[in-house]
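1. Task: produce atomic coordinates for the following.
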Amino acid sequence: MKQAEDVRQLDVIAAAVANFPGGIGISALHEALVAPLEGINRRTLQRRLARLVSDGRIVGEGRSVARLYRPVTFDALLSAWHTAEPGSAYEIYVPLSAAGAEVRDLVRQPSARPGAIGYDSRLLERYVPGVSQYLPDPIRRQLHEIGRTPAAGLPAGVHARANLDRLCVDLSCESSRLEGNTYTRPETQNLLESGRTPESRSIVETQMILNHRAAVDMLVDDAIEVGFDVLSFRNLHAVLSQNLLRDDASGKLRRQPVEIPGTSFAPAAMPQFIEERFHMLLDKTAAIVDPFEQAFFLMVQIPYLQPFVSVNKRVSRLAANIPLIRHNLCPLTFIDVPELAYVEGTIGIYELRRVELLRDVFIWAYERSCQRYLAATPEPAAPDPLKIRYQQELIDAVQTLVRGGLAPTPANIKRVAARIVSGRDRKAFTRLLEDSIQNLDEGRLARYRLRKAEYLEWVGVCGQKR
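-> As a prediction, the model looks like this:
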């Protein structure tokens, strides 16, 4: 009980600090939190703030009474580590190998790097699946050992499907946080489970969370079909960028130059070159045997190529879970990953073409996910054979109801089911369709290949019919 209360206090304090992008002192913060935290004393608040700073969830600047606490942003993190003392929370953010520490130190010395650094094809071309490896054998063996689940050997996606609600919350919240999103885990859970949106969060942040949820749904529901092909990745990008990019950029390969603020890296600009390298990237991913090597290869190569105009890192983080979901391994949820470590690891790829720092972050992140995710994981249920047999038919039936503007009445559901499935499975399929249509919401549209506009129009029509 005490541990749960501590976690609740940390979430409330972090959410309060997020409301003050310019920073807030402990006295003002204490006054604001006395009521919501039932009279928390100043000494306890100091301990909680120190914990949040050490975990990388907020930034602390200054000393003593002049110390201010700010929400985590890229600029705040850069300021924090520029002024950090050796051994501070910003100096040791994840355990580092000697090579990882070397990359970190090089990234922090921009004067030692040339002014403009272009895309180098050799990083991709020289990687030979089955010969090259970003993750040495001992590391991969360790990851397989800690990531093994009770669903090993079962059909693809069984473990993720059995834990879908938790996975949606964890991955949606944590991957979005790495983009600067300020949604807390409780707020994410409330949004995904009951549709409640905090007044203090922007519509862009809310859309980002919902897009992650839809992407997770797609990867889990279509675990057998989603592969390392251009169509799968374009669809993944389209889901993650829905309402955040223009329609002529969402789900389409980049046809224009892009800049990455805060780095000296200039991605390739020629559309034909980008398309060719993207095909090569996915072909090489498919040829890699080990799922962890596949996952990390995608986290390195997709942001480096920048195949889409934006949302590339989000695609890489979600795509890293494709091989893990396929093999029923613990997913990579990025729980508690310090944003600074992730940013610097990615810059190490952009500017130095070195993977060691991002690899250290990847290993720590996966171990952290396993510690939190597998601690109380329920035994996965065996997959429903009917759902597997009629997966496409169920998609067709839901699309028929929605696109046809048919209200989800028992008569309409029964009539649509009868047109699609006949024989002895008809009754069971009708129940599946009824359950699917009753639980349909904006976060589940991707699994049925529906657009948000189609869903909203259907809701409006059905409201009139009722």
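2. Now the residue nearest to Arg42 when sequence neighbours are not counted. Its backbone dihedrals?
-> Counting by C-beta to C-beta, 6 or more residues apart in numbering, Arg42 lies nearest to His30, which is 5.4 Å off, once chain neighbours are set aside. Placement of C-beta: from N, CA and C, glycine included. Torsion angles at His30 (phi, psi; degrees, to the nearest 10) stand at phi -60, psi -40.
3. ditto for the one 5 residues further on
-> Phi and psi for Ala35, reported as degrees, to the nearest 10, are phi -70, psi -50.
4. Just the C-alphas of the helix or strand hosting Trp458, formatted as PDB.
-> According to DSSP states H and E, Trp458 maps onto helix 452-465. The C-alpha coordinates for helix 452-465 follow below in PDB (Å, rounded to 0.1, in the frame of the first residue of the first chain):
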ATOM      1  CA  LYS A 452     -11.700   8.400 -38.000                       C
ATOM      2  CA  ALA A 453     -14.000  10.400 -40.400                       C
ATOM      3  CA  GLU A 454     -15.900   7.200 -41.300                       C
ATOM      4  CA  TYR A 455     -16.300   6.300 -37.600                       C
ATOM      5  CA  LEU A 456     -17.600   9.800 -36.700                       C
ATOM      6  CA  GLU A 457     -20.000   9.800 -39.500                       C
ATOM      7  CA  TRP A 458     -21.400   6.400 -38.500                       C
ATOM      8  CA  VAL A 459     -21.700   7.600 -34.900                       C
ATOM      9  CA  GLY A 460     -23.700  10.600 -36.100                       C
ATOM     10  CA  VAL A 461     -26.000   8.500 -38.300                       C
ATOM     11  CA  CYS A 462     -26.600   6.000 -35.600                       C
ATOM     12  CA  GLY A 463     -27.400   8.700 -33.100                       C
ATOM     13  CA  GLN A 464     -30.100  10.000 -35.400                       C
ATOM     14  CA  LYS A 465     -31.500   6.500 -35.900                       C
END
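5. which parts of that helix are buried?
-> Glu454, Tyr455, Trp458, Cys462 (16 or more other C-beta atoms under 10 Å).
6. How much space separates Leu329 from Glu367?
-> 13 Å (C-beta to C-beta, to the nearest Å).
7. how about low-confidence regions in the stretch 1-150 of the chain?
-> Counting by pLDDT under 70, the ranges of the stretch 1-150 of the chain that qualify are 1-6, 54-56, 63-65, 72-92, 110-115.
8. Can you list the residue ranges for strands in it?
-> 24-25, 58-61, 68-71, 117-118 (DSSP state E, counting those that start in this stretch).
9. For those, give me TSV that also has mean neighbour count.
-> Putting the strands of the stretch 1-150 of the chain into TSV (neighbours: other C-beta atoms under 10 Å) gives the following:
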stretch	mean neighbour count
strand 24-25	16
strand 58-61	21
strand 68-71	20
strand 117-118	13
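10. could you redo those strands as JSON lines and give each row distance to Thr346?
-> Formatted as JSON lines, the strands of the stretch 1-150 of the chain follow (distance: least, C-beta to C-beta, whole Å):
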{"stretch": "strand 24-25", "distance to Thr346": "29"}
{"stretch": "strand 58-61", "distance to Thr346": "19"}
{"stretch": "strand 68-71", "distance to Thr346": "21"}
{"stretch": "strand 117-118", "distance to Thr346": "14"}
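11. The ones you listed: which one's closest to Pro198?
-> Between Pro198 and the strands of the stretch 1-150 of the chain, the tightest spacing by C-beta to C-beta is seen for strand 68-71, at 14.1 Å.
12. Run through who's touching that closest one.
-> 17-18, 20-26, 29, 49, 52-53, 58-62, 76, 182 (C-beta atoms under 8 Å, 6 or more residues apart in numbering).
13. are any of those buried, and which?
-> Using 16+ other C-beta under 10 Å, the buried members of those are 17-18, 20, 23-24, 26, 29, 49, 52-53, 58-60, 76, 182.
14. and of those residues, the nearest to Asp11?
-> Leu52 (9.7 Å).
15. What residues does the closest one make contact with?
-> Each residue near Leu52 by C-beta under 8 Å, 6+ apart is listed here: Leu10, Ile13, Ala14, Val17, Ile58, Tyr69.
16. The first one contacts Arg48, doesn't it?
-> Yes: with contact defined as C-beta atoms under 8 Å, Leu10 counts as touching Arg48 (5.9 Å).
17. okay, now the domains of this protein?
-> Per the record, the chain has its domains at 2-70, 100-373, 385-465, by automatic domain parsing.
18. Please identify the most buried of the ones you listed.
-> Mean neighbour count (mean count of other C-beta atoms under 10 Å) peaks for domain 100-373 among the domains of the chain, with a mean of 19.
19. Span of it from start to end?
-> For domain 100-373, the separation between the terminal residues is 26 Å (C-alpha to C-alpha, to the nearest Å).
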